[in-house]
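S.K.: sequence unknown, structure follows:
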């Protein structure tokens, strides 16, 4: 089962798309560091969206 371990919110779709394109260029280690900085236990954050 998949977990939601990280998310960001944005004021507009364009800002979200811009951020997504930027993150796609990051290497895996940087993405893992981003997750661990904000969610060190890799908790499932799905329920925090609602």
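M.R.: Arrived safely, thanks for sending. Not measured: the values here are computed from a predicted model.
S.K.: and residue 41, how far is that from residue 2?
M.R.: Residue 41 sits 17 Å away from residue 2, going by CB to CB, to the nearest Å. Every C-beta, even on glycine, is put in place using the N, C-alpha and C of the backbone.
S.K.: ok, residue 33 next?
M.R.: For residue 33, the distance to residue 2 under the criterion CB to CB works out to 20 Å.
S.K.: higher neighbour count, those two?
M.R.: When residue 33 and residue 2 are compared on other CB atoms under 10 Å, the one with more neighbours turns out to be residue 33, at 11 against 6.
S.K.: for the residue of the chain positioned farthest from its centre, give me its contacts.
M.R.: Among residues of the chain, the one most distant from the C-alpha centroid is residue 1; the distance is 17.5 Å, by CA atoms, centre = their mean. If a contact means CB atoms under 8 Å, 6 or more residues apart in numbering, then residue 1 has no contacts.
S.K.: I'd like to know how many residues surround residue 38.
M.R.: Quick note: residue 38 (other CB under 10 Å) scores 11 neighbours.
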